[in-house]
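**Q** here are the coordinates; sequence isn't available:
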């Protein structure tokens, strides 16, 4: 017996998570997507994981380059979260953003709580998504409050 997909999505959406934008770049090509499926995996060696929809342009670019950067979003970045989640606005996501470049060559979203530059160590397929395990090459933390997500809504910690 299989669970109803809508019921599963509601149940999974009851998990409070942070929000990130995962980016990759190659030459003039830059892609990025909003992701809530992010976690630290190991401290030694330092590793994180992100889950990417295999139909996304970001997934394709990560496959090509073997690199990605995770920008953990700040409480005032809900609009950026929505922009990078909207597949219809894929081509304009970076317009007006003055992104620094991480040590791996990937864009870092300005104003984020933290940036984590990674090289792909492992890839696992899981349904519609790829799970990327990234070896952390560099990490920066900024004194900001995070943006959180709960039941399809952006929230702020009080």
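**A** Yep, it's here. Everything quoted here is computed from the prediction, not taken from an experiment.
**Q** so residue 9: helix, strand or coil?
**A** Classification of residue 9 using DSSP: H, G, I helix; E, B strand; the rest coil returns helix.
**Q** which parts of this structure are strands?
**A** Counting by DSSP state E, the chain has strands at residues 17-18, 20-26, 29-35, 38-43, 46-53, 67-72, 100-101, 107-108, 114-126, 129-141, 147-150, 153-156.
**Q** got these as a markdown table, with distance to residue 81 and mean pLDDT columns?
**A** Any C-beta I mention is one placed from the backbone N, CA and C, and that applies to glycine too. Output for the strands of the chain, formatted as a markdown table (distance: least, CB to CB, whole Å; pLDDT from 0 to 100):
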| stretch | distance to residue 81 | mean pLDDT |
| --- | --- | --- |
| strand 17-18 | 10 | 80 |
| strand 20-26 | 7 | 97 |
| strand 29-35 | 5 | 95 |
| strand 38-43 | 13 | 94 |
| strand 46-53 | 15 | 96 |
| strand 67-72 | 11 | 98 |
| strand 100-101 | 19 | 96 |
| strand 107-108 | 16 | 98 |
| strand 114-126 | 15 | 97 |
| strand 129-141 | 18 | 97 |
| strand 147-150 | 7 | 80 |
| strand 153-156 | 7 | 70 |
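**Q** for residue 145, which residues are in contact?
**A** Residues in contact with residue 145 (CB atoms under 8 Å, 6 or more residues apart in numbering) are 74, 75, 113, 156, 157.
**Q** tell me how many other residues crowd the nearest residue to the first one once chain neighbours are set aside.
**A** What that stands for is residue 74. For residue 74, ignoring the flanking residues on the chain, the nearest one in space by CB to CB, 6 or more residues apart in numbering is residue 144 at 4.3 Å. Residue 144 sits with 16 neighbouring residues when counted by other CB atoms under 10 Å.
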